[in-house]
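Asks: fold the stuff below for me.
(2 chains)
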Protein chains: 2
Amino acid sequence: MFDNTGDSKTKLSELGEFGLIEHLTQFLDIKQTSTIKGIGDDAAVLKHEDEIVVTTDLLVEGVHFDLAFMPLKHLGYKSVMVNLSDVYAMNAKATQITVSIACSNRFTVEALEEIYAGIHHAASLYHVDVIGGDTTSAVKGITISITAVGTAPKEKIVYRSTAQPNDLMVVSGDLGGAFMGLKVLQREQEVFKVNPNNQPDLEPYTYIVERQLKPEARKDIPELLEKLGVLPTSMIDISDGLSSEILHLCKNSKVGATLYEEKLPLDQGVISACEEFELDSTTVVLNGGEDYELLFSIAQKDYDKIKGNPNLSVIGHFNEAKEGIHLITRDQLKIPMKARGWNSMTKEEK
Amino acid sequence: MFDNTGDSKTKLSELGEFGLIEHLTQFLDIKQTSTIKGIGDDAAVLKHEDEIVVTTDLLVEGVHFDLAFMPLKHLGYKSVMVNLSDVYAMNAKATQITVSIACSNRFTVEALEEIYAGIHHAASLYHVDVIGGDTTSAVKGITISITAVGTAPKEKIVYRSTAQPNDLMVVSGDLGGAFMGLKVLQREQEVFKVNPNNQPDLEPYTYIVERQLKPEARKDIPELLEKLGVLPTSMIDISDGLSSEILHLCKNSKVGATLYEEKLPLDQGVISACEEFELDSTTVVLNGGEDYELLFSIAQKDYDKIKGNPNLSVIGHFNEAKEGIHLITRDQLKIPMKARGWNSMTKEEK
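Replies: Next up, the predicted model:
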């Protein structure tokens, strides 16, 4: 996409703010008919017939990602996914994003080109238009702020607050992969520090490393549910660990829940990595973050429509609030659930 | 608004990410009928009948503001203004904002409360709903990312690209104040470093210091133009200095322009401060930034409608592109205009 001239290192100040934005956004094209005007004015102009959804997320270097093992292109891609995931969690279609980046002069034009290449790739694959943003310098590090816009007819939008007792609890895909991928990458980084000549063999960990570095938002799930004729009664995306998201749904919907350990969807790669790292896979699923799967509730009458679908797992059900929120272990123990998910605010500062 | 218990200093980690967001947004109320769902789900839900405009801006500590003289409440207020200004520059009505903040553990809960108090005050005065956001830790400093949403009927939206030759060039308010306010504040900071007991007397500089610390976005100008029956042919907000914005309008509209030095609107406070600092007021107006006034073009036939309005000054006119872009000085010299506006990318890193 960009004319990459090998190892050239162009300082950001050489292009200036406007030159830089123009340079980075030169290959963007507009695909959504709802985008009337994209980049290039004081604001973008959109026209949506239906309800629109708006969500925003910040990714901060040293808090949300480590450039020691996160390639810049992947960082751009993941920044988009994190935001689109929230749009899909409303059962909406993602249509536009804005992208703001603040970075120190440690970053070159070529580094920003890499990040934007990832952003453009994600936007292209997920059919969203990049309609605006801001690029500025920072004293230290890099921060990416993306706002995503989506749309859905009013009657299709699914909130967190509308799960009902006796609804089934359903999750897309499998869980725990992103956390275990991070574990593998952090271990390799430690090895690299001791012996920089060591060539890491990440081949056995391909799936979980990809879950960490290049997650995919579940654009397909709202489409699948539409096709199956199922409208979830509530939905949330799983960014901070399953237990945290279950607690959010229960709190917002004023219901209780029962989750079955034996039903948790695990990829073989997660099981193997948990054994290797001597971690309990259930703990990883409950408290690890960044899976970007969707957690939702459906009415019992819809069970037959989703039964056996390889993308969906029924992992429990919702109860009356007074029954509380519990995990039923493989040994039939009933354990109250508490949030211990990933929380950027309790991270230790360096 | 918040229960301020004197000098208490609560660490951010004591509340955690979700607790913090809940705490900071607890007093928010929804005023716009277009806001279906505000904070508290994966995304906010809006319903706009007309076109919507979307704009986003980042404010980075050490680049866009200096907390040595920028009170936190003002910082919150200004962050909102910077974004609303872009909405008004589309001739639209601002309706919603999202607010994302990344800050290091140098900031306490009470510090964030101050910033949010400024944000809420701005949102309340300008009738916009705070509908979402993200609060996270950062390794260093504080970064504020705001996205603003507005709305206008299709035929009322004004772009940068539609100025015509012979249109009049109009500016709201007066220019150069924010830059001279910054000069005064920076001088006082230097004095303070030498003698911390010195009590600065900012009274003579009240207007220009306020222009820097607490700018107001020109919500009133689209309303005034509507009342006067004037639809600008193009519009932009003045955030980076007048010359930079004139060049943007000309480039986007493919026209030239003639600006008259003698017509530039100056407050007496700016004139006095320029004399004191031995700065040329025209240079300050052309290259200083952050005035957040609106620059627009109108058809000649509309001149009588705006003539004599104290909020508006005709400062020049647009030409054919081939005639170029010039400043006519008080001495009738014709000088080609070049952008030398404020540019965060060329700022020296510390």
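
Asks: flag the shaky bits of the stretch 151-300 of chain A, pLDDT-wise.
Replies: Along the stretch 151-300 of chain A, no part satisfies pLDDT under 70.

Asks: change it to 80
Replies: For the stretch 151-300 of chain A, the stretches with pLDDT under 80 are A:199-200.

Asks: for residue A:132, what are phi and psi?
Replies: Torsion angles at residue A:132 (phi, psi; degrees, to the nearest 10) stand at phi 170, psi -180.

Asks: ok, it touching residue B:53?
Replies: No: in this structure, residue A:132 is not within contact of residue B:53 by Cβ atoms under 8 Å, at 9.7 Å. C-beta coordinates here come from the backbone N, C-alpha and C atoms, glycine included.

Asks: do stretch A:26-35 and chain B meet?
Replies: No: judged by Cβ under 8 Å from any Cβ of the partner chain, stretch A:26-35 and chain B are separated, with a smallest distance of 9.5 Å.

Asks: pLDDT on that stretch, on average?
Replies: For stretch A:26-35, the mean per-residue pLDDT is 89.

Asks: now do residue A:189: how many residues are near it, please.
Replies: Residues near residue A:189, counting by other Cβ atoms under 10 Å in any protein chain shown, number 13.

Asks: what are the buried residues along whatever helix or strand it lives in?
Replies: In this structure, residue A:189 sits in helix A:177-194 according to DSSP states H and E. Neighbour counts using 16 or more other Cβ atoms under 10 Å in any protein chain shown place A:177, A:178, A:179, A:180, A:181, A:182, A:183, A:184, A:185, A:188 of helix A:177-194 among the buried residues.

Asks: what sits up against it?
Replies: For helix A:177-194, contacts defined as Cβ atoms under 8 Å, 6 or more residues apart in numbering or on different chains pick out A:66, A:68-69, A:198, A:200, A:202, A:205, A:207-213, A:215, A:267, A:269-270, A:273-274, A:277, A:279, A:284, A:287-292.

Asks: so of these, which ones are in strands?
Replies: Among those, none falls in strands (DSSP state E).

Asks: filter these to the buried ones?
Replies: Buried members of the contacts of helix A:177-194, counted by 16+ other Cβ under 10 Å: A:69, A:205, A:207-213, A:215, A:267, A:269-270, A:273-274, A:279, A:284, A:287-292.

Asks: okay, domains of chain A per the record?
Replies: With domains defined by automatic domain parsing, chain A comprises A:12-156, A:168-343.

Asks: can you put those in JSON lines and add distance to residue B:305?
Replies: Supplementary listing: those in JSON lines, determined by distance: least, Cβ to Cβ, whole Å:
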{"stretch": "domain A:12-156", "distance to residue B:305": "23"}
{"stretch": "domain A:168-343", "distance to residue B:305": "50"}
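
Asks: tell me the contacts of residue A:96?
Replies: A:32, A:34, A:35, A:44, A:46, A:128, A:129, A:130, A:131, A:148, A:149, B:54.

Asks: buried subset of those?
Replies: Here, 16+ other Cβ under 10 Å leaves A:32, A:34, A:35, A:44, A:46, A:128, A:129, A:130, A:131, A:148, A:149, B:54 buried among those.

Asks: list just the nearest of these to residue B:40.
Replies: Using Cβ to Cβ, the shortest approach to residue B:40 within the buried ones among the contacts of residue A:96 belongs to residue A:148, at 17.2 Å.

Asks: could you look up the SS state of that closest one?
Replies: strand (DSSP: H, G, I helix; E, B strand; the rest coil).

Asks: who's it bridged to?
Replies: residue A:55, residue A:97 (DSSP bridges).

Asks: ok, residue A:130 next?
Replies: residue A:97.

Asks: verify the contact between residue A:117 and residue A:80 for me.
Replies: No: counting by Cβ under 8 Å, residue A:117 stays clear of residue A:80, with 11.8 Å between them.

Asks: out of these two, which sits in the busier spot?
Replies: residue A:80 (27 against 19).

Asks: is it true that that one touches residue A:123?
Replies: Yes: contact criterion Cβ under 8 Å: residue A:80 and residue A:123 qualify, at 6.4 Å.

Asks: identify the contacts common to those two.
Replies: Listed as contacting both residue A:80 and residue A:123 by Cβ under 8 Å, 6+ apart are residue A:97.

Asks: where exactly do the helices run in the stretch 151-300 of chain A?
Replies: Using DSSP state H, counting those that start in this stretch, the helices assigned to the stretch 151-300 of chain A run over residues A:177-194, A:206-213, A:220-228, A:242-253, A:268-277, A:281-287.

Asks: right, and the domains of chain A - which one's nearest residue B:262?
Replies: domain A:12-156 (28.1 Å).

Asks: can you tell if the helix or strand harbouring residue A:83 touches chain B?
Replies: Taking DSSP H and E as the definition, residue A:83 sits inside helix A:72-88. Yes: applying Cβ under 8 Å from any Cβ, one finds helix A:72-88 in contact with chain B at A:86, A:87.

Asks: what's the angle from that helix to helix A:206-213?
Replies: 80 degrees (axes from the mean of the first three to the mean of the last three Cα atoms, to 10 degrees).

Asks: which strands and helices sit next to helix A:72-88?
Replies: Where contact means 3 or more Cβ pairs under 8 Å, 6 or more residues apart in numbering or on different chains; DSSP states H and E, helix A:72-88 is packed against strand A:51-60, strand A:93-103, helix A:109-125, strand A:142-152, strand A:234-238.

Asks: what does the longest one rub up against?
Replies: Outside helix A:109-125, the residues that touch it by Cβ under 8 Å, 6+ apart are A:1-2, A:4, A:8-12, A:14-15, A:20, A:23-25, A:27-28, A:71-81, A:84, A:97, A:99, A:101, A:103, A:128-130, A:135, A:144.

Asks: how many neighbours does residue A:204 have?
Replies: Neighbour tally, residue A:204, other Cβ under 10 Å: 13.

Asks: for residue A:275, that is, sorry about that
Replies: Applying other Cβ under 10 Å, we find 10 residues neighbouring residue A:275.

Asks: so what's it up against?
Replies: Contacts of residue A:275 (Cβ under 8 Å, 6+ apart): none.

Asks: distance of it from residue A:266?
Replies: 11 Å (Cβ to Cβ, to the nearest Å).

Asks: one more: residue A:182?
Replies: For residue A:182, the distance to residue A:266 (Cβ to Cβ) stands at 16 Å.
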